[in-house]
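*Asks:* I need the structure of the sequence given here:
(one chain, ligands or ions: 1)
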Amino acid sequence: MTVSDSASQTTEPQNPTAPHADSRLVDRSKLSKMYQHYAEMKDKYPHALLLYRVGDFFETFFQDAITVSRELELVLTSKHAGEVGRVCMTGVPHHAWERHTTQLVEKGYAVVICDQVEDASEAVGLVRREVTRILTPGTLLEEGMLKSSRNNYLAAVVIAGEHWGLAYADISTGEFLTTQGSNLELLSQELMRLQPAEVLFPTNAPDLGTLLRPGEKSPHLPECLPPSFCYSLRSQTPFSLGEARTKLLQKFKVRSLEGLGCEHLPLAVRAAGGLLEYLEETQKESSVSLHSLRTYTLTDFLIVDYQTRRNLEITQTVRDGTFVGSLLWALDRTSTAMGTRALRRWLLQPLLDIKGIRARQDTIQELVENTTLRQDLRQLLRQIYDLERLTGRAGSGRANARDLVALADSLSRLPELAGLVKDARSPFLKALQKVPPVLEELAKKLLAYIVESPPLHLTDGGLIRPGMNEELDERRATVEADHQWIANLEVEERAKTGIPTLKVGFNNTFGYYISISRAKADSVPSNYIRKQTLKNEERYITPELKEREARILTARDDLNKLEYEVFAALREEVGEQGEVIRIISRAVAAADVLCGLAELAVYQGYCRPEMVVGRELVIVDGRHPVVEQSLPAGLFVPNSTRLGGEDLNRLRAASRREDAKNAKEEERDFSLYPDLIILTGPNASGKSCYLRQVGLIQLMAQVGSFVPASSARLGVCDRIFTRVGAVDDLATGQSTFMVEMNETANILNHATARSLVLLDEIGRGTATFDGLSIAWAVAEYIADEIKARTIFATHYHELNELASLLPNVANYQVTVKELPDQIIFLHSVQPGGADKSYGIEAGRLAGLPAVVIKRAKQVMGQIEKHSKIALGLQNLD
Ligand SMILES: Nc1ncnc2c1ncn2[C@@H]1O[C@H](COP(=O)(O)OP(=O)(O)OP(=O)(O)O)[C@@H](O)[C@H]1O
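*Replies:* Now for the predicted structure:
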């Protein structure tokens, strides 16, 4: 439900003494001035929660108060708002606004901050308030609101028939990319990869501005958009080609979009332009600092669809969605937040380009071979803060002095980093060899200007070192002289009055005063004016003291203001170098990822896979990278895999050259390396583990990582498909079997000879013979028609018959040792098919009553007698 919906459902109380709960229904003329202003602001942002600064609080009123008190579990109170009576109210202390806003934004609300923009003590009449910030899930910048380990993407989508444009940006790091495609399924997959915090969608819906929370339905949202994200319904205008194009040209100060790569991609342009407009609208006071726009195509990367990402547990486990136990968890040895985010991006977007893969491998290899370099690099990287986000905050005017010190500190490590890699040969280390001189200078300047441990607040002074700014030094000298005057005053007055206990003090109410014990009150000079009487003391002021005090306070104010100005100028300088810093940050992030992967390769005994152009998939002694780490050392049983031995194109070319005989010969050899493996074995023997291990090794190899095997030779895949397990998709009301069939249909319709297909059971969710028939037909179609490299794990050992019918199918089994009263899992994958599934045995081990086990064996005997499936199919031909 949107905020506005909740509001419209709130009817004004019939009870005249109950507080008003809807700003739209009250008589505005009866509201006091501040509430009238509040209501005007609320009218402008009907779809967001408005946090309105009153004194030390950010208050919410009317309908927003009800929503906020419910969502944050705060007490709902009410406040007198003029003639109209009381209105609902709840609020949060102003210093805690970030924490509370984060919670609201995480729950899918947009929050508008309306702050005081003048000093309340100087205000004439109502304190001036303005909207200073609009926070939505995709536009967060504040450090406490973001997870350092992942990007926070804002996406924008434009759809025209089957065609679409998608732009996305992370305003905290400055990334900004756009693309265009022509298949809505791919759009959905790309969104699932990005997991954006918020998606902008242009529509002509009447409720523009609404932020739909995850799962919330709207008739204006096309079905192809995954329901699990927040969608902002936007006006179509900024997404029109003309407006969007102009916006991009202006933002990046270019005459054509050619250089950005999207001149001829109108949908990509529309999405990017619309996104920019939204950022400008929500960022208000600060400019948005974004990298220049990069255009990419989905075909540059290995397609890992949502199911595969989920089944291979790349960023979270299937069972409980936790990070621990995922591939990312097992591989992450990065030392910086930038590296952690980059590793996640890389795992979700493996490469297709062999050159790119080899460049990463070369770097890992160099770091594997040079232990000292690797250790020194890791040590140094640990001292580098999140340059990307620090720069993002500086560029948008939100960095504080501590941020700039951290940034300068990190920048000043870069020359050291360059020194470490000066003799490196591999591409990603060479990228660190040159530090742009402008950054060295910037770091030096920042460290010279800003004190070592600056305060959090920017307006209370204490930021800039002495000797950096003449005017600042002068003002500081004046303030110090005044302080000295006060300090001397005590000595002088003691001497003058002869009262040794006389003291000069300060408090916020009276400012400076002279304190004398009551016993001595009679001997005070006549120019002392009594200001306050306490139990044991009298407090006085003198006209001279007051005059000095006024000077001190103004001078301090001026000093603080100037310090802030000097600081803001430094921050701006950082913002101006944003692009240069970001380029080097990305190089640092990449080197960090590769350094971590090298460390992993050494400690886990990974090998460098040989990447080839053909279809080969040869893994010798492969291991599952995650399961291996969760078992005690040495317990994981390695297994080899050999698939897709020959390049089908070459074979086909051979047959076209009418060299059919030769081709047949080759085809026979080729059968040594099958395309499809039927994998059988008892429950819990390790079939799923083996299947996933092959998928993960292929994926890791295309990320450029070394892999858990003693050797590997891998052709680059265009896509990895998986169908694993079965879960009811309750959200769409689909049964287990229908989910399974949909996923299988997707694979059969999209897999190519260059794909890797991993199928873990097909046809289990229906009657045995239906299931077996479907499984058979699917395996046959993949092996015979698609010729994708495939591993098909199944309990239907009848499928083993396929190997005798098709040359590119082979049978493998996960072996077990049978003892009289137990089965021992060997977890070893061997040629040949299992002739039984040990399901009844598993039932016995699980404690099914003996009589049931006995009866099951009888029934199985009968069924097997009548099942002559392979024979029957052969007869069909
Ligand atoms: N190669 C291996 N070495 C050591 N342990 C393994 C190996 N493979 C699997 N295991 C262990 O066996 C357990 C069961 O494996 P897995 O889930 O792959 O079985 P399965 O054959 O797919 O079972 P089911 O048919 O019931 O789905 C795993 O959790 C893992 O701990």
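
*Asks:* CA atoms for contacts and neighbours, from now on please.
*Replies:* Noted.

*Asks:* Help me confirm that Lys247 comes into contact with Gly273.
*Replies:* Yes. Contact criterion Cα atoms under 8 Å: Lys247 and Gly273 qualify, at 5.8 Å.

*Asks:* which one of those two has more residues nearby?
*Replies:* A side-by-side neighbour count of Lys247 and Gly273, using other Cα atoms under 10 Å, places Gly273 first with 28 against 21.

*Asks:* Run through the residues that contact that one.
*Replies:* If you count contacts by Cα atoms under 8 Å, 6 or more residues apart in numbering, Gly273 has them with Pro238, Phe239, Glu243, Ala244, Arg245, Thr246, Lys247, Leu248.

*Asks:* Only the C-alpha atoms, please, for the host helix or strand of the third one, written as PDB.
*Replies:* Right, Glu243. Here Glu243 sits within helix 241-251, counting by DSSP states H and E. Output in PDB follows, covering the C-alpha atoms of helix 241-251 (Å, rounded to 0.1, in the frame of the first residue of the first chain):
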ATOM      1  CA  LEU A 241      13.700  11.100 -26.400                       C
ATOM      2  CA  GLY A 242      14.000  14.800 -26.800                       C
ATOM      3  CA  GLU A 243      14.100  15.700 -23.100                       C
ATOM      4  CA  ALA A 244      16.200  12.800 -22.100                       C
ATOM      5  CA  ARG A 245      18.800  13.500 -24.900                       C
ATOM      6  CA  THR A 246      19.000  17.100 -24.000                       C
ATOM      7  CA  LYS A 247      19.500  16.300 -20.300                       C
ATOM      8  CA  LEU A 248      22.400  13.900 -21.100                       C
ATOM      9  CA  LEU A 249      24.000  16.400 -23.400                       C
ATOM     10  CA  GLN A 250      23.800  19.100 -20.800                       C
ATOM     11  CA  LYS A 251      25.000  16.900 -17.900                       C
END
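
*Asks:* relative to helix 241-251, how tilted is the next helix or strand after that helix?
*Replies:* Downstream of helix 241-251, the next assigned helix or strand under DSSP H and E is helix 266-283. Helix 266-283 runs at 60 degrees relative to helix 241-251, counting by axes from the mean of the first three to the mean of the last three Cα atoms, to 10 degrees.

*Asks:* ok, whatever residue of the stretch 201-350 of the chain ends up closest to the ligand to Thr315 distance?
*Replies:* Of all residues in the stretch 201-350 of the chain, Gly325 sits closest to the ligand, at 11.7 Å by Cα to the nearest ligand atom. Distance, Gly325 to Thr315, by Cα to Cα, to the nearest Å: 9 Å.

*Asks:* What of Thr794?
*Replies:* 26 Å.

*Asks:* What segments of the stretch 551-700 of the chain are helices?
*Replies:* Here the stretch 551-700 of the chain has its helices, by DSSP state H, counting those that start in this stretch, at 578-604, 625-630, 648-656, 660-670, 687-703.

*Asks:* how about those in CSV, adding mean pLDDT?
*Replies:* Below are those laid out as CSV (pLDDT from 0 to 100):
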stretch, mean pLDDT
helix 578-604, 96
helix 625-630, 95
helix 648-656, 50
helix 660-670, 48
helix 687-703, 96
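
*Asks:* I'd like the ones you listed as TSV, with mean neighbour count appended.
*Replies:* Written out in TSV, the entries for the helices of the stretch 551-700 of the chain read as follows (neighbours: other Cα atoms under 10 Å):
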stretch	mean neighbour count
helix 578-604	23
helix 625-630	18
helix 648-656	15
helix 660-670	15
helix 687-703	24
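
*Asks:* Out of these, which is closest to the ligand?
*Replies:* helix 687-703 (3.6 Å).

*Asks:* what's the next helix or strand after that closest one packed up against?
*Replies:* Next helix or strand after helix 687-703 toward the C-terminus (DSSP H and E): strand 711-715. Under the contact definition 3 or more Cα pairs under 8 Å, 6 or more residues apart in numbering; DSSP states H and E, strand 711-715 sits against strand 610-612, strand 617-622.

*Asks:* so of those strands, which one's packed in deepest?
*Replies:* Mean neighbour count (mean count of other Cα atoms under 10 Å) peaks for strand 617-622 among the helices and strands packed on strand 711-715, with a mean of 22.

*Asks:* packing partners for the strand or helix carrying Tyr513?
*Replies:* Element membership for Tyr513, per DSSP H and E: strand 511-517. Applying 3+ Cα pairs under 8 Å, 6+ apart, we find strand 511-517 packed against strand 503-507, strand 537-541, helix 543-576.

*Asks:* Name every strand pairing with it and say which way it goes.
*Replies:* strand 503-507 (antiparallel), strand 537-541 (antiparallel) (DSSP bridges).

*Asks:* where does this protein dip in pLDDT?
*Replies:* Scanning the chain for pLDDT under 70 picks out 1-16, 122, 284-287, 645-672, 725-734, 765-767, 821, 835-837, 866-877.

*Asks:* Show the contacting residues for Asp115.
*Replies:* Per Cα under 8 Å, 6+ apart, neighbours of Asp115: Tyr52, Arg53, Arg129, Glu130, Val131, Thr132.

*Asks:* Counting by contacts, list what whichever strand or helix holds the second one packs against.
*Replies:* Secondary-structure element containing Arg53, defined by DSSP H and E: strand 49-54. Packed against strand 49-54, as judged by 3+ Cα pairs under 8 Å, 6+ apart, are the following elements: strand 57-61, helix 62-72, strand 111-116.

*Asks:* make it 6 Å
*Replies:* On a contact count with 3 or more Cα pairs under 6 Å, 6 or more residues apart in numbering; DSSP states H and E, strand 49-54 meets strand 57-61, strand 111-116.

*Asks:* Give me the sheet partners of that strand and which way each runs.
*Replies:* strand 57-61 (antiparallel), strand 111-116 (parallel).

*Asks:* So what touches the first one?
*Replies:* Residues external to strand 57-61 that are found in contact with it (Cα atoms under 6 Å, 6 or more residues apart in numbering): Leu51, Tyr52, Cys88, Met89, Thr90, Gly91, Val92, Pro93, His94.

*Asks:* and the closest residue to Gly419 other than its chain neighbours, how many neighbours does it have?
*Replies:* For Gly419, ignoring the flanking residues on the chain, the nearest one in space by Cα to Cα, 6 or more residues apart in numbering is Gln433 at 7.1 Å. When neighbours are counted by other Cα under 10 Å, Gln433 registers 19.

*Asks:* hang on, Gln433 is in a helix, isn't it?
*Replies:* No. Using DSSP: H, G, I helix; E, B strand; the rest coil, the assignment for Gln433 is coil, not a helix.

*Asks:* thinking it is in contact with Ala418, fair?
*Replies:* Yes. Assessed by Cα atoms under 6 Å, Gln433 is found in contact with Ala418 at 4.3 Å.
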